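Q: Okay, here's the prediction I keep looking at, along with the sequence it came from:
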Amino acid sequence: MRWPLAAVLILAFAVPAASAQDNSECLACHGQHDLQDQAGHSVYVDGTAQKASIHGTLPCTGCHADIKGYPHPEHPAAVNCSTCHADEAKDVTESVHANVSANTCLGCHGDAHSIVPVNDPQSPVFTLNIPKTCGSCHGNPDMAKKFGFPDVYAMYMDSIHGFALTKDGLLVAASCASCHGTHKILSHTNSESRTYHTNIPATCGSCHNGPERAYFAGIHGQQLKAGNSKVPVCSDCHTAHQIVQVQTVSWQMERSATCGNCHQKQYATYLDTFHAQVSALGYTESAHCWNCHREHDILPASDPQSTIAPGNLVATCGQCHAGATASFVSYRPHADSRDFKSFPALYISALFMNLLLLSIFSFFGVHTLLWFIRSYFDRRKAGARAESGD
């Protein structure tokens with residue numbers, strides 16, 4: 001190593017060969033800015049930053065346990081954080097980050113000699129800094145290609161959570177750790193993961209307790225509790241990283257189609273209605289699925305508490321249609337004009353109207369064609385007479 005001569009002389013005469021417990025003795029060399037190892041890597045340690053760090057009260061040999069005195073080995077053993085942080089280390093070894101790097105701890109917590117508490121705004125894992133820290137890998141195109149994950153950092157930063165945290169500085173807004181955890185981050189395919197499909201309501205519910213309770217009061221949540229793992233959860237409607245405000249036109253325009261992924265027949269009949277057609281023009285005040293069925297506590301019509309139960313329809317429709325009556329709510333919003341067995345009158349009416357339209361367009365189409373042909377020959381005759389001088 002390239003040891004400064006002054007530091008060598010100090011250590012040779014002042015440091016007992018059996019001990020290097022006093023940090024000032026280590027910093028006599030490692031406090032030199034130009035100190036490098038044989039490979040040319042800097043081994044400088046900022047003594048001020050180290051003393052101010054969360055490990056500032058510890059001796060250097062508390063972490064560099066294989067160093068017993070000077071001269072120490074040319075290649076000291078890697079620091080083993082699990083000596084003190086056994087639980088955290090165990091969680092990391094069971095996580096998706098277990099084999100990513102030999103310095104997994106430092107990849108998130110920063111420089112080894114200047115680690116500060118997680119509640120310090122300077123910490124890479126302080127709540128406001130977590131997206132940037134995670135984004136150093138999860139926003140890196142090369143890393144994304146290597147491990148096969150999308151650029152979730154960009155998605156998150158454009159989301160309502162990302163804006164609330166990084167733009168508005170709201171520490172209560174969800175960060176990466178809020179959903180994925182801290183040390184024991186598991187794949188979403190692992191049943192113990194916080195982002196496993198059936199665990200998502202509880203994960204989101206750690207912040208959104210009201211919607212969580214409403215969800216489990218509804219048919220989707222009830223079926224999830226009953227063991228049906230295919231029912232939709234929060235991320236099916238709100239997505240995972242690109243969560244936006246539900247008041248936006250784009251979100252509302254897309255969400256009815258999301259319901260249609262499962263309720264295909266109902267969605268197809270909804271598209272035939274006035275509500276859907278004006279929604280397609282961008283009118284967000286028109287009725288969408290959740291305006292009638294509610295957002296989270298969705299119940300079947302057979303449940304007396306359901307917003308679409310017969311006894312509640314006047315109140316439900318009355319939210320938009322003031323003065324709605326029992327006669328008004330007899331309207332069937334999901335009537336299918338293609339289903340003769342269930343809706344024979346509607347089927348026949350729709351068939352008659354389609355045939356009437358076809359007949360009218362066919363008649364006038366033929367009429368227009370014949371008129372064009374007659375006009376063509378009339379022009380030819382007129383041209384022939386002009387040439388003959390008649």
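A: Right, received. Where do you want to start? Numbers count the residues shown, from 1 in each chain.
Q: rest of the way, CA atoms for contacts and neighbours
A: Noted.
Q: Over to residue 133. Which of the three states is it?
A: helix (DSSP: H, G, I helix; E, B strand; the rest coil).
Q: Show me this structure divided up by domain.
A: Following automatic domain parsing, one finds the domains of the chain at 5-77, 98-207, 264-334, 342-390.
Q: Among those domains, show the one with the smallest mean pLDDT.
A: Lowest mean pLDDT within these: domain 5-77, at a mean of 78.
Q: follow-up on the earlier one: can you redo the domains of the chain as a markdown table with distance to residue 213 and mean neighbour count?
A: Compiled in a markdown table, the domains of the chain are given as follows (distance: least, Cα to Cα, whole Å; neighbours: other Cα atoms under 10 Å):
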| stretch | distance to residue 213 | mean neighbour count |
| --- | --- | --- |
| domain 5-77 | 40 | 15 |
| domain 98-207 | 8 | 17 |
| domain 264-334 | 8 | 16 |
| domain 342-390 | 36 | 12 |
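Q: where exactly do the strands run in the stretch 151-300 of the chain?
A: In the stretch 151-300 of the chain, no strands are defined using DSSP state E, counting those that start in this stretch.
Q: can you map out the helices along the stretch 51-200 of the chain?
A: Remark: helices assigned in the stretch 51-200 of the chain by DSSP state H, counting those that start in this stretch are 60-63, 86-93, 104-109, 130-138, 141-147, 152-157, 160-162, 176-180, 200-205.
Q: List the contacts of the closest residue to residue 297 other than its chain neighbours.
A: In this structure, residue 297 finds its nearest non-sequential neighbour in residue 218, 3.9 Å apart by Cα to Cα, 6 or more residues apart in numbering. By Cα atoms under 8 Å, 6 or more residues apart in numbering, the contact set of residue 218 is 296-299.
Q: any idea how far residue 218 is from residue 306?
A: 9 Å (Cα to Cα, to the nearest Å).
Q: what distance separates whichever helix in the chain runs longest from the centre of its chain?
A: Longest helix in the chain, counting residues (DSSP state H): helix 344-388. Averaging C-alpha positions (Cα atoms, centre = their mean, to the nearest Å) puts helix 344-388 56 Å from its chain's average.
Q: Show me what that helix packs onto, helices and strands only.
A: On a contact count with 3 or more Cα pairs under 8 Å, 6 or more residues apart in numbering; DSSP states H and E, helix 344-388 meets no helix or strand.
Q: Tabulate the helices of the stretch 51-200 of the chain (JSON lines), appending distance to residue 336.
A: Converted to JSON lines, the helices of the stretch 51-200 of the chain look like this (distance: least, Cα to Cα, whole Å):
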{"stretch": "helix 60-63", "distance to residue 336": "72"}
{"stretch": "helix 86-93", "distance to residue 336": "54"}
{"stretch": "helix 104-109", "distance to residue 336": "56"}
{"stretch": "helix 130-138", "distance to residue 336": "47"}
{"stretch": "helix 141-147", "distance to residue 336": "46"}
{"stretch": "helix 152-157", "distance to residue 336": "39"}
{"stretch": "helix 160-162", "distance to residue 336": "38"}
{"stretch": "helix 176-180", "distance to residue 336": "42"}
{"stretch": "helix 200-205", "distance to residue 336": "34"}
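Q: wait, which of those helices is closest to residue 290?
A: Between residue 290 and the helices of the stretch 51-200 of the chain, the tightest spacing by Cα to Cα is seen for helix 200-205, at 18.4 Å.
Q: okay if I get the domains of the chain as TSV plus distance to residue 234?
A: Output for those, formatted as TSV (distance: least, Cα to Cα, whole Å):
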stretch	distance to residue 234
domain 5-77	38
domain 98-207	6
domain 264-334	9
domain 342-390	34
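Q: contacting residues for residue 79?
A: By Cα under 8 Å, 6+ apart, the neighbours of residue 79 are 63-65.
Q: Recalculate using a threshold of 7 Å.
A: The contact partners of residue 79, by Cα atoms under 7 Å, 6 or more residues apart in numbering, come to 63-64.
Q: Near the closest residue to residue 160 other than its chain neighbours, how many residues? Count them for me, please.
A: Nearest non-adjacent residue to residue 160, counting by Cα to Cα, 6+ apart: residue 244, 5.0 Å away. Other residues within reach of residue 244, judged by other Cα atoms under 10 Å, total 18.
Q: how near is residue 244 to residue 163?
A: Distance from residue 244 to residue 163, by Cα to Cα: 10 Å.
Q: One more: residue 208?
A: The value you get for residue 208 to residue 163, if Cα to Cα is used, is 17 Å.
Q: Same question for residue 286.
A: Counting by Cα to Cα, the gap from residue 286 to residue 163 is 28 Å.
Q: Also residue 28?
A: Where residue 163 is concerned, residue 28 sits at a distance of 46 Å (Cα to Cα).
Q: same check, this time on residue 367
A: For residue 367, the distance to residue 163 - Cα to Cα - is 61 Å.
Q: Verify the stated contact: the residue nearest to residue 160 with residue 162.
A: No. Residue 244 is beyond contact range of residue 162, at 9.8 Å (criterion: Cα atoms under 7 Å).
Q: How confident was the prediction at the residue nearest to residue 297?
A: 96.
Q: On the pLDDT front, check residue 1 for me.
A: Residue 1 is given a pLDDT of 44.
Q: Sorry, wrong one. I was asking about residue 260.
A: pLDDT, residue 260: 92.
Q: got a list of what it touches?
A: Here residue 260 is in contact with residue 267 (Cα under 7 Å, 6+ apart).
Q: one more time with 10 Å
A: Counting by Cα atoms under 10 Å, 6 or more residues apart in numbering, residue 260 makes contact with 266-268, 270, 289.
Q: just residue 219 next, same as before
A: 225, 231, 296-300, 303.
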